[in-house]
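Asker: Any chance you can model this:
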Amino acid sequence: MTNNQKGFTLLEIIIAVFLFSSIVGLISIFFVYFFKNYSFSFEEQQSVGQGQQTISQMVREIRKAQIGDNGAWPIIKTEDAEFTFYADVDGDVKAEQVRYFLDGGNLNRGVIESSGSPPTYSPQNETIATLTSSINATASAVFTYYNGDWPSDQINNPLAPSDRILNTRYVLITIMLDPVKHFAAEPFQLQSGVTIRSMKDNL
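Answerer: Predicted coordinates for the structure are as follows:
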């Protein structure tokens with residue numbers, strides 16, 4: 001009786017192993033690519049969402065700028081990367097001193113409650129919180145300032161630093177995000193403007 005069954009030759013085994021390894025390798029590359037891009041998309045969405053919430057909060061609070069409890073002018077400081085003003089941001093019928101400022105890649109908010117009689121604002125009582133991170137600190141100004149005649153007045157706007165504190169009526173907020181720096185993605189720009197309600201002089 002003749003046995004016609006034959007096993008795999010060494011060459012066939014080598015080819016089979018090579019094909020199997022190639023398929024596994026391609027599948028691995030696909031999954032690495034998929035998860036890498038999923039991770040980038042997720043981190044970018046989180047960063048942008050946080051940035052949008054931050055700008056919305058800034059717009060709400062800057063709009064409320066008012067005379068301080070100490071009788072001071074509503075606007076205290078007007079720099080490209082820092083804006084300080086008085087506003088009742090917690091609904092207690094008192095004006096807090098609010099400071100938005102860049103600290104490296106973080107956009108922070110500092111708040112000082114007034115105290116004493118007459119009311120004062122002590123820097124030692126400032127409460128600071130980070131609102132959003134991944135800010136591109138080398139990008140354009142976070143705050144740009146305009147007078148009450150903007151946009152019809154193109155000559156005197158944006159305001160020069162020396163004119164900002166007394167003449168600012170409209171603030172443009174621009175933040176550039178680097179959501180996922182290790183992906184070398186382009187910065188993502190978020191922008192919104194706000195008119196200071198109590199200081200509108202072009203009605």
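
Asker: can you map out the strands along this protein?
Answerer: Using DSSP state E, the strands of the chain run over residues 75-79, 82-87, 96-103, 106-112, 127-132, 143-146, 170-177, 188-195.

Asker: Can you give the distance of the last one from its chain's centre?
Answerer: The gap between the average C-alpha position of strand 188-195 and the chain average comes to 10 Å, counting by Cα atoms, centre = their mean, to the nearest Å.

Asker: relative orientation of it and strand 127-132 in degrees?
Answerer: 130 degrees (axes from the mean of the first three to the mean of the last three Cα atoms, to 10 degrees).

Asker: same for strand 188-195, what does it pack against?
Answerer: Helices and strands touching strand 188-195, as assessed by 3 or more Cβ pairs under 8 Å, 6 or more residues apart in numbering; DSSP states H and E, comprise helix 10-63, strand 170-177. C-beta coordinates here come from the backbone N, C-alpha and C atoms, glycine included.

Asker: hmm, back to that, got the strands of the chain as TSV, with distance to residue 156 and mean neighbour count columns?
Answerer: Output for these, formatted as TSV (distance: least, Cβ to Cβ, whole Å; neighbours: other Cβ atoms under 10 Å):
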stretch	distance to residue 156	mean neighbour count
strand 75-79	15	18
strand 82-87	19	22
strand 96-103	24	20
strand 106-112	28	19
strand 127-132	31	14
strand 143-146	9	22
strand 170-177	12	21
strand 188-195	17	15
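
Asker: which one of those lies closest to residue 10?
Answerer: Nearest to residue 10, of all those, is strand 188-195, at 56.5 Å by Cβ to Cβ.

Asker: thinking again about what came up before, Throw the strands of the chain into CSV and include distance to residue 47, thanks.
Answerer: What follows is the strands of the chain, written out as CSV (distance: least, Cβ to Cβ, whole Å):
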stretch, distance to residue 47
strand 75-79, 24
strand 82-87, 22
strand 96-103, 16
strand 106-112, 12
strand 127-132, 8
strand 143-146, 20
strand 170-177, 5
strand 188-195, 8
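
Asker: closest one to residue 68 among these?
Answerer: Nearest to residue 68, of the strands of the chain and by Cβ to Cβ, is strand 82-87 at 3.9 Å.

Asker: in the chain, which residue is closest to the centre?
Answerer: residue 51 (3.7 Å; Cα atoms, centre = their mean).

Asker: which residues sit in contact with it?
Answerer: 132, 175, 177, 188, 190 (Cβ atoms under 8 Å, 6 or more residues apart in numbering).

Asker: just curious, which of those is nearest to residue 113?
Answerer: Using Cβ to Cβ, the shortest approach to residue 113 within these belongs to residue 132, at 23.4 Å.
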